[in-house]
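Student: following is a predicted model, sequence given first.
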Amino acid sequence: MEPSIRRSLFRALICAVLLTFPLGAASAASSKEALTALGSPNIADVSKGIASLADSGEPYALDVLLALSAEELVVDESGSLFRKSEATTSVLVPGASPAPQGKTRKVALNNVARRALDAAISRLSLTDDDPKIRLDSAKKQAEYPDEAVTEVLRSLVPKESNAEAKEYMLLAVAKVDLHSPDAKRRTEAAKIITRSDDISLASDLEALIKTEPDNVARTHLREAYDAINSRLFRINLVANTIYGMSLGSVLVLAALGLAITFGLMRVINMAHGEMLMLGAYSTFFIHQQFLKFAPSAVEWYLAVAIPFAFVVTFATGVLLERLVIRFLYKRPLETLLATWGLSLILIQIVRLMFGAQNVAVPNPDWLSGGFELMPALVVPYSRIAVLLFTGAVVGFVAFVLKGTSVGLKVRAVTQNRETAAALGIPTTRVDRWTFGLGSGLAGLGGVALSQLGNVGPELGQQHIIDSFVVVVLGGVGNIWGTVLAGVGLGLANKVLEPTTGAVLAKILLLGLLILFIQWRPQGLFALKGRSAEN
C-alpha cells in the first residue's frame, strides 16, 4: 500500500475516533485534573488547579472556589473535595462520594494562590445568572482591575443587561486601557472615567497628562482629571459638613450645662470637662456589667448607660457644689483654682479605678457601620445617632427651662438673684440643683463621646477650653446661642483643618474669637434682665 494511502486511512481513522468520542470527555478529564490539583498538599499545584477549574466551564466550579475562599474546602484521604462548615459537610461535585473517607484536611492557600483564587472567582461571577452577583463582581474588578480579565470584560459588556454592572465593567476596562499603547483606547478610557463616580485615579491621571503624546487623548485625560477633582471637592464638602456637625454636637453637649451654671452662678468651673469623662466611663462601666451579667442583652446597654451617666454626674455635681463651690460664690479666681484642683482629683480617682490607659466602648450592632451617602462617602450610624441625641437633649433642656416652674426659677435667679430671693425663690437650692443639672448634661455628652472614640482619663481636658469658647461665643446662659456657637465652631474646625492643619485652624479660630469678643462682648445672644445687662 502506498504511504500516501496509509496516511489518508490513518487520518480517517483518527477522525472516526474523535467523532465517536464523547464531547465532554476532554472537559471532564480537565476538570478531574483540576480537582486533583486542588486537593494537593503542594501550593503550586493548588494555584494551577484554581486556574484549570475556572477554565473548565463546569457548573460547580464557582461553588468549589467559593468554598476555598471561605476556608471551608477540605480533602479526604481518597482525594475527594467537600465543603465543611461548623455544622455540616456537603458534597460539591455531582457524583462524588457522599461522605468523606477517613480523615480530612483543609486546603491551604498562600498569597499567590489567594490572588489567583480572587481573580478566578471574580471572572466566573461575571457570567453568573444572578445580576447582583455580576454587579458585585464588576465592582471588584473596577476597584482592583486585572489585565488578565480585561478581554473577558470587553466581550461581556455588550451582553450585560444590568446597566450598573455594565458601567463598572467599562470602568474596569478603562483603568487598564489608560496604559494601552493605542491612543484611541486611552481616549475612550478617559471619557469613561470622566462620566463615572470613581475618584481613585487623580494621581495616575496627573502623571499621564504630562507624558501623553496624543493631543486628543491628553485633552480627555485632563477632563477626567478635572472631573475627579470636582467630585473630590463635593465629597469633602459634604463629609466635612457632617463630621463638623457631629463635632459641634459634642461641643454643644459639653457646653450646654456649662452655659447654664456659668450664667446662673458666674462660677468658672474647670472641672466641668471631668463630668464628660465621668459620663463616658459610666457608659464603659455599664457595658462591662452587661457583658458580665447579661451578655445576651448587651446590644441595649445604652438604654441603661444614658440615665446611669446622668445620675452619676448629677450627683457628683451636687456633691461638689455642696462641699466646695458654694463657699466661693462671687470669687471667680478662687473658683477657677478650686475647680482645677477638683478636676485633677477626679482624674486620679478614675485612673485608680479604671487604669491610666484608654478604654474602648464598642458601638452596639445597630450603631455599627454606616450608609453610603455619596460614592466614596460612608456616613457612620454613630455620628447620625449623636446628632439626634443632641437634638433630644437640647429639646429636653429647653422644655425644662421654658416650660416648668423649675426653669422659671432658674431664669429668674440668672437674671436678678436679689429680686428672685426677695420674691421667695430659694436661690441656694436653685444653685444646687442647677449645678447638678449642668453636670448631668455634661455626663450625657460623655455618653455621646464614648460612641465616637476611645475613653481616657484626659478626655475632659481635651474639651474644656472649647466648651468655654462656645459659652462665650453663644452668650452666657443662652441655650440657642450655645447650640449655634457649638455647631458653628465644629463646622469651622472641619472646614479649616484640611487646608491649614489642626493646630493652625485652632489658632485662627481663637484669633477670630478674640476679634469677635472685642466687637460684641455679650456674645451672639445676650441675656435680658437687670443683672444680666450690668
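Tutor: Okay, I see it. Numbering: from 1, shown residues only.

Student: which element is the closest residue to Ser52 other than its chain neighbours on?
Tutor: On the basis of Cβ to Cβ, 6 or more residues apart in numbering, the spatially nearest residue to Ser52 that is not a chain neighbour turns out to be Ala34, at 3.6 Å. No exception for glycine: its C-beta is placed from N, CA and C like everyone else's. Ala34 belongs to helix 25-38 when elements are defined using DSSP states H and E.

Student: cool, Pro94 as well?
Tutor: When elements are assigned from DSSP H and E, Pro94 belongs to no helix and no strand.

Student: roughly how far does it sit from Ala315?
Tutor: Per Cβ to Cβ, to the nearest Å, Pro94 is found 69 Å from Ala315.

Student: kindly report the same for Leu513.
Tutor: Counting by Cβ to Cβ, the separation of Leu513 from Ala315 is 34 Å.

Student: check His287 too.
Tutor: Here the criterion is Cβ to Cβ. By it, His287 lies 20 Å from Ala315.

Student: helix or strand right after the longest helix seen in the chain?
Tutor: Within the chain, and with DSSP state H defining each element, the longest helix by residue count is helix 215-265. The C-terminal neighbour of helix 215-265 among helices and strands, as given by DSSP H and E, is helix 272-293.

Student: and that next one, average pLDDT?
Tutor: The average pLDDT within helix 272-293 is 93.

Student: give me the contacts around whichever helix or strand comes after the helix holding Ala34.
Tutor: For helix 25-38, the following helix or strand on the C-terminal side (DSSP H and E) is helix 43-56. With contacts defined as Cβ atoms under 8 Å, 6 or more residues apart in numbering, helix 43-56 is touched by 27, 30-31, 33-40, 61, 64-65, 68, 107-110, 112-113, 116-117, 120, 123-124.

Student: report the distance from helix 43-56 to the chain centre.
Tutor: Put simply, helix 43-56 sits 37 Å off its chain's centre (Cα atoms, centre = their mean, to the nearest Å).

Student: ditto for stretch 202-216
Tutor: From the chain centre to the centre of stretch 202-216 is a distance of 33 Å (Cα atoms, centre = their mean).

Student: do the same with stretch 148-168
Tutor: 31 Å.

Student: contacts for it next, please.
Tutor: Residues external to stretch 148-168 that are found in contact with it (Cβ under 8 Å, 6+ apart): 119, 122-123, 126-127, 131, 134-135, 138-139, 141-142, 169-170, 172-173, 176-177, 196.

Student: please redo it, this time with the cut-off set to 7 Å
Tutor: 119, 122-123, 126, 131, 134-135, 138-139, 141-142, 169-170, 172-173, 176, 196 (Cβ atoms under 7 Å, 6 or more residues apart in numbering).

Student: measure it end to end?
Tutor: Between the opening and closing residues of stretch 148-168 there is a gap of 16 Å (Cα to Cα, to the nearest Å).

Student: quick one: Val176 from Ala99, how far?
Tutor: Spatial separation of Val176 from Ala99 under the definition Cβ to Cβ is 45 Å.

Student: returning to what we had before: only the buried subset of the contacts of helix 43-56, as a PyMOL command please.
Tutor: Restricted to buried positions by 16 or more other Cβ atoms under 10 Å, the PyMOL selection for those reads:
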select buried, resi 30+31+34+35+36+37+38+39+61+64+65+68+107+109+113+116+117+120+123+124
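
Student: which intervals of the stretch 401-534 of the chain have sub-threshold pLDDT?
Tutor: Along the stretch 401-534 of the chain, segments meeting pLDDT under 70 span 476-477, 525-534.

Student: which residues in it form helices?
Tutor: Along the stretch 401-534 of the chain, the segments classed as helices by DSSP state H, counting those that start in this stretch run 405-415, 417-422, 427-450, 464-474, 479-500, 502-519, 530-533.

Student: just the CA trace of the fifth one, in CSV.
Tutor: Spelled out, it's helix 479-500. What follows is helix 479-500, C-alpha atoms only, in CSV (Å, rounded to 0.1, in the frame of the first residue of the first chain):
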residue,chain,number,x,y,z
ILE,A,479,-29.3,77.8,75.1
TRP,A,480,-29.8,78.6,71.5
GLY,A,481,-26.7,80.7,71.4
THR,A,482,-24.8,77.7,72.8
VAL,A,483,-26.2,75.4,70.1
LEU,A,484,-25.4,77.8,67.3
ALA,A,485,-21.9,78.5,68.5
GLY,A,486,-21.2,74.8,69.1
VAL,A,487,-22.3,73.7,65.7
GLY,A,488,-20.6,76.7,64.0
LEU,A,489,-17.3,76.1,65.8
GLY,A,490,-17.4,72.4,64.9
LEU,A,491,-18.1,73.2,61.2
ALA,A,492,-15.4,75.9,61.1
ASN,A,493,-12.9,73.4,62.6
LYS,A,494,-13.6,70.8,59.9
VAL,A,495,-13.6,73.3,57.1
LEU,A,496,-10.3,74.8,58.0
GLU,A,497,-8.4,71.7,59.1
PRO,A,498,-7.9,70.1,55.6
THR,A,499,-6.2,73.3,54.3
THR,A,500,-4.4,74.7,57.3
